[in-house]
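> Test case, fold it:
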Amino acid sequence: MLATVRSATLVGVWGQAVSVEVHVADGLPGFTIVGLPDASCREARDRVRAAIVSSRLTWPMRRITVNLAPSDVPKSGAGLDLAIAVGILVADKQLEAASIADTGVLGQLGLDGSVRPVPGALPLVDAMDHSTVIVAGRDSTVAELVARDRVRAVGSLRELFDALAGTGPWPVPPAALRAVPPDPDPDLSDIAGQPLARWALEVAAAGGHHLLLVGPPGAGKTMLARRIVGLLPDLSPEAALEVTRVHSAAGLALPDGLVTRPPFRAPHHSSSMAALVGGGTARARPGEVSAATGGVLFLDELAEFAPSVLDALRQPLEEGMIRVARSQGMVEHPARFLLVAAMNPCPCGAGGKVGCRCAPGALARYQRRLSGPFVDRLDLVVRVDRPDPADLLDTAPSAPSAEVAERVADVRRRAQERGVECNSELTGADLELHGPLDTAATEVLRAALAEGRLSARGLRRVRTVARTIRDLDDGGRELRAADVLAALSLRMRLDAAGGFVHG
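Numbers count the residues shown, from 1 in each chain. Model (predicted):
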């Protein structure tokens, strides 16, 4: 007999509906799975057999063939176990086919028949737009975010069999675990001195501008970067659902509900390209750039990352998405994040100044680790020197994050009135409408272009930064020379000697 059970598999951060077709026929006992299953999916034959026997159900001593349709989409993971087990029970006439009509089934089976959660429950359930979706008890809270009252939670295969056969009730969903409140974001008031870096942090958060902090060890670059997430507003409902979807697909821990605060991801500088941009498996698992969607991607010790890994960020920095191509197809992952990076000016950290131990060749090699096209995509490059001793000993409190966050939120509201999430997304036409240049500002930019200090891409980025600076000031429509000069002052670059010049 033939049975069909609806389920889903992960393709990147998206769920792909799958029809689990089970055929049980006379012949030598055997179990075959076809339809591009990966190794973990093929191993379902052993898990399903043990789970059915452990649940005091009958294992058919016949020939069993399972087809995972569509057959041209790779299937990965153990999330199809429960659907395969139900299909076998229906095909063997232990369950009625009507009992699973218009029902999606999702779950991993233990050898004892227990139903376990699966990574990516939210996108998987979202792909099964059926009247009922059966999931593991621990996945019910996440599933209800998209399926609401259509979710049925089970703890074991036997419980599911009894409920479908009508010999037992549907299990009561387990009470949601009380989520541990996240640690409070580090506060900007902890920073002593560093007025330029604090201002750059505020501009970056307000306009969504990518920021690079360059300075010697101990200057406070990492301390500054970790406080930017506390300046960002809460995620909108649409962004919260997208971020939760990505974190679910990546197997990251989720709160009791949607992710409402911008995430902060800080991968180590030894991270591979697959870890950073995604891929590495048949289902093209999302990487750190996708996990940082809606929040901050912090790259500490930027020059220690492999140059090829950094250059892989050029597309997501420009387009807000990452395309991962594999021999079996291509997937698109969201990658709209605020990049904040920190690095030393040279290998020893002195940056060519007094006490620098770096040879000229070492300085040149160090600087070449950052390609020109990558640096051109950074809106703000700021020098961070060690604070003055008087500032470190000054006990007067500086502005807290809450105060700065109010100004950031006001600028973001202005950007939304212009039709974008933040000013960094403004196009050339948008800038002509919402940020025209006065005569003096035009002359400043013309001189920068003539001297080769700006590219065409850099010109647009300087104008968006100037727009943010004007919004933080008085919100006037026209951009002044002072706004443009301030934007240029926040855009520094390393020269061959390890020093800094404008542009």
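> low-confidence ranges in the chain?
175-182, 280-283, 326-329, 351-354, 395, 493-503 (pLDDT under 70).
> And the spatially most central residue of it, its phi and psi?
Residue closest to the average C-alpha location in the chain (CA atoms, centre = their mean): A291, at 2.0 Å. Per-residue torsions, A291: phi -60, psi -20 (degrees, to the nearest 10).
> Would you mind measuring from it to S54?
Counting by CB to CB, to the nearest Å, the separation of A291 from S54 is 36 Å. Any C-beta I mention is one placed from the backbone N, CA and C, and that applies to glycine too.
> So the residue nearest to the centre of the chain is in contact with H247, correct?
Yes: with contacts counted by CB atoms under 8 Å, A291 reaches H247, the gap being 6.5 Å.
> Now the common contact residues for these two.
Contact with both A291 and H247 is made by residues P263, according to CB atoms under 8 Å, 6 or more residues apart in numbering.
> OK, contacts around R42?
Contacts of R42 (CB under 8 Å, 6+ apart): I33.
> Helices of the stretch 101-250 of the chain, residue ranges please.
Under the criterion DSSP state H, counting those that start in this stretch, the stretch 101-250 of the chain contains helices at 121-127, 140-147, 157-165, 195-207, 221-225, 237-249.
> would JSON lines of those helices with mean neighbour count be doable?
Formatted as JSON lines, these follow (neighbours: other CB atoms under 10 Å):
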{"stretch": "helix 121-127", "mean neighbour count": "26"}
{"stretch": "helix 140-147", "mean neighbour count": "23"}
{"stretch": "helix 157-165", "mean neighbour count": "21"}
{"stretch": "helix 195-207", "mean neighbour count": "23"}
{"stretch": "helix 221-225", "mean neighbour count": "22"}
{"stretch": "helix 237-249", "mean neighbour count": "21"}
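> closest to M61 out of these?
If you check each of these against M61 by CB to CB, helix 157-165 wins as the nearest, at 18.9 Å.
> Touching the closest one from outside, list them.
Identification of contacts with helix 157-165 by CB under 8 Å, 6+ apart yields 51-52, 55-57, 82, 85-86, 89, 94-96, 99-100, 109, 113-115, 134, 152, 154, 168-171.
> Just the ones of these in strands?
109, 115, 134, 152, 154 (DSSP state E).
> in terms of contact, does R62 touch F31 like I think?
No: contact criterion CB under 8 Å: R62 and F31 do not qualify, at 9.9 Å.
> Need the overlap of contacts for the two.
What both R62 and F31 touch, as defined by CB under 8 Å, 6+ apart, is an empty set.
> residue boundaries of the helices in the stretch 351-500 of the chain?
Under DSSP H, counting those that start in this stretch, the stretch 351-500 of the chain gives helices at 360-368, 372-376, 389-393, 401-417, 428-434, 439-450, 456-473, 481-489.
> Need the winner for burial among these.
Comparing these by mean neighbour count (mean count of other CB atoms under 10 Å), helix 456-473 ranks first with a mean of 22.
> Quickly list the domain ranges of this protein.
2-165, 188-502 (automatic domain parsing).
> Could you say which of the ones you listed is packed most deeply?
Taking mean count of other CB under 10 Å, domain 2-165 is the most buried of these, at a mean of 20.
> can you give me the end-to-end distance of that one?
With CA to CA, to the nearest Å applied, domain 2-165 spans 18 Å between its terminal residues.
> just stretch 321-332 next, same as before
Terminal-residue distance, stretch 321-332 (CA to CA): 7 Å.
> do the same with stretch 3-18
14 Å.
> ok, now which ones touch R265?
288, 291-292, 295-298, 337.
> Helices - which of those residues land there?
288, 291 (DSSP state H).
> circling back to that earlier point, could you export the helices of the stretch 101-250 of the chain as JSON lines, including distance to E406?
Output for the helices of the stretch 101-250 of the chain, formatted as JSON lines (distance: least, CB to CB, whole Å):
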{"stretch": "helix 121-127", "distance to E406": "32"}
{"stretch": "helix 140-147", "distance to E406": "30"}
{"stretch": "helix 157-165", "distance to E406": "51"}
{"stretch": "helix 195-207", "distance to E406": "11"}
{"stretch": "helix 221-225", "distance to E406": "19"}
{"stretch": "helix 237-249", "distance to E406": "20"}
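> With G428 as the reference, name the closest of the ones you listed.
Smallest distance to G428 across those (CB to CB): 16.2 Å, for helix 195-207.
> Mind giving me the packing neighbours of the strand or helix carrying H23?
Per DSSP states H and E, H23 falls inside strand 14-25. Secondary-structure packing of strand 14-25 (3 or more CB pairs under 8 Å, 6 or more residues apart in numbering; DSSP states H and E): strand 2-11, strand 63-69, helix 81-91, helix 121-127.
> which secondary structure element contains S308?
Assigned by DSSP H and E, S308 falls within helix 307-311.
> what packs against that helix?
Counting by 3+ CB pairs under 8 Å, 6+ apart, helix 307-311 packs on helix 273-277, helix 372-376.
> Tabulate those (CSV), appending distance to V22.
Shown next, in CSV, are the helices and strands packed on helix 307-311 (distance: least, CB to CB, whole Å):
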stretch, distance to V22
helix 273-277, 34
helix 372-376, 51
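> Identify whichever of those helices lies nearest to V214.
Closest among the helices and strands packed on helix 307-311, using CB to CB: helix 372-376, at 10.8 Å.
> check contacts around the closest residue in space to F374 that isn't next to it in sequence.
In space, and not counting its chain neighbours, F374 is closest to L310: 5.4 Å by CB to CB, 6 or more residues apart in numbering. Listed by CB under 8 Å, 6+ apart, the contact set of L310 reads 302, 369-371, 374.
> wait, G475 sits on R414?
Yes: with contact defined as CB under 8 Å, G475 counts as touching R414 (6.3 Å).
> Relative to G361, which of the ones in strands among the contacts of helix 157-165 is nearest.
L109 (59.7 Å).
> now that closest one, which residues is it bridged with?
For L109, the beta-bridge partners are V115 (DSSP bridges).
> show me what contacts it?
Taking CB under 8 Å, 6+ apart, we find L109 in contact with 44, 47-48, 51, 78, 81-82, 85, 115-116, 157.
> possible to save the ones in strands among the contacts of helix 157-165 as TSV with distance to P345?
Formatted as TSV, the entries for the ones in strands among the contacts of helix 157-165 read as follows, by distance: CB to CB, whole Å:
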residue	distance to P345
L109	56
V115	55
I134	58
R152	59
V154	58
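> what's the farthest-apart pair in those?
Largest pairwise distance in the ones in strands among the contacts of helix 157-165, by CB to CB, is 16.4 Å, between L109 and R152.
> and the gap between L164 and R45?
22 Å.
> rewinding a little: quick one: contacts of the following helix or strand past the strand holding H23?
Sequence order places strand 30-34 as the next helix or strand after strand 14-25, per DSSP H and E. Applying CB under 8 Å, 6+ apart, the contact partners of strand 30-34 are 41-42, 44-45, 49, 63-68, 71, 84.
> Alright, calling it a day.
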